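Asker: A structural model of the following input is requested.
(chains A and B)
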Amino acid sequence: MENTEKQRVVLSCSGIGKSFGTVSRLAALKTKGARVRCLAAVDVEGSDARNDVKSADVVITIDGCPHKCAYNIAVRAKGKEAGIKNVLVWEECKKSGLKPDNNVLDVGAGGRKLAKKIAEGIAAEDVED
Amino acid sequence: MTTDKVGITACTGMGNALGTVSRQAMYKAIEILGAENVALICFPALCAGVEEDVEFVKKYPIIILDGCASKCAEKVIRKMGGNIAAKVFIPDVLKHHPELKPESRVELGPKGRMLVDFVADAVVQEAKRILEGKKK
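Answerer: Numbers count the residues shown, from 1 in each chain, chains lettered A, B, ... in the order given. Model (predicted):
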């Protein structure tokens, strides 16, 4: 029987120095129904993570700052923007009203709820190419 | 060689709990060392080619933390022509303290947090050595 299930890969920026970066990481780790890959490994030519991004039907990137590093690295690895959806933590923060504490090590209850909400949103959504 | 600044960066490690250890140890080391002489390098920004991060790793000595055998931080910094002054490989630290296995990627637990302290201490020692201009 042919496997028609979409291969989904999640990449978070895991940004350093800002609590939105920590939220992006937590959100990726809490996402169900997708393969979580390491952004640094995606940037290494020939790595399994890079190959997974190239072959995935859908790549969901989670970014914590306007540099959008996860998205940009995914585009570079895949060679195209199609099939990549970018989730922006600060936009989700605005939409939900859930705010992380200003602490990179512990984003607090608001940050953990925000990460869970982002993860659930990604898991529930059927992202089209 | 003496330097007035040293950069610290950690892999984005998502595959296992040692990636979380590397990240937390980096923050802890910066807290101990103070921000005057030490800079956090955002590793994803470096990978994405954000100019200020790329320039920093070319100009200043960098301490890198890697959480798994892929050693992505080391590979990326080398690719960019960065100046790697010290490497802290978390599995090596764990080898010396096998009882301190972290619980999970999201929650390290008390043992994992103790491992963070050991890793942070290793980073602090390396940073002091570099800032004092001592050869390894």
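
Asker: So which residues on chain B come close to chain A?
Answerer: Within chain B, the positions near chain A by C-beta under 8 Å from any C-beta of the partner chain are B:9-15, B:19, B:23-24, B:26-27, B:40-45, B:47-50, B:70, B:72-73, B:75-76, B:105-106. Yep, even glycine has a C-beta here, placed from its N, CA and C like the rest.

Asker: can you list contacts of stretch B:16-34?
Answerer: With C-beta atoms under 8 Å, 6 or more residues apart in numbering or on different chains as the test, stretch B:16-34 has contacts from A:14, A:16, A:25, A:38, A:104-105, B:8-13, B:38, B:40, B:65-68, B:88, B:90-91, B:94, B:101-106, B:108, B:112-113, B:115-117, B:119-120, B:123-124, B:127-128.

Asker: Filter these down to the buried ones, ChimeraX style.
Answerer: Remark: buried members of the contacts of stretch B:16-34, expressed as a ChimeraX selection using 16 or more other C-beta atoms under 10 Å in any protein chain shown:
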select /A:14,16,25,38,104 /B:8,9,10,11,12,13,38,40,65,66,67,68,88,90,94,102,105,108,112,113,115,116,119,120,123,124,127
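
Asker: now, which of the contacts of stretch B:16-34 lie within strands?
Answerer: Among these, the members falling in strands (DSSP state E) are B:8, B:9, B:10, B:38, B:40, B:65, B:66, B:88.

Asker: now the lengthiest helix in chain A: how far from the chain's centre is it?
Answerer: The residue-count maximum for a helix in chain A (DSSP state H) belongs to helix A:108-124. Relative to its chain's centre, helix A:108-124 lies at 12 Å (C-alpha atoms, centre = their mean, to the nearest Å).

Asker: Thank you kindly, that will do.
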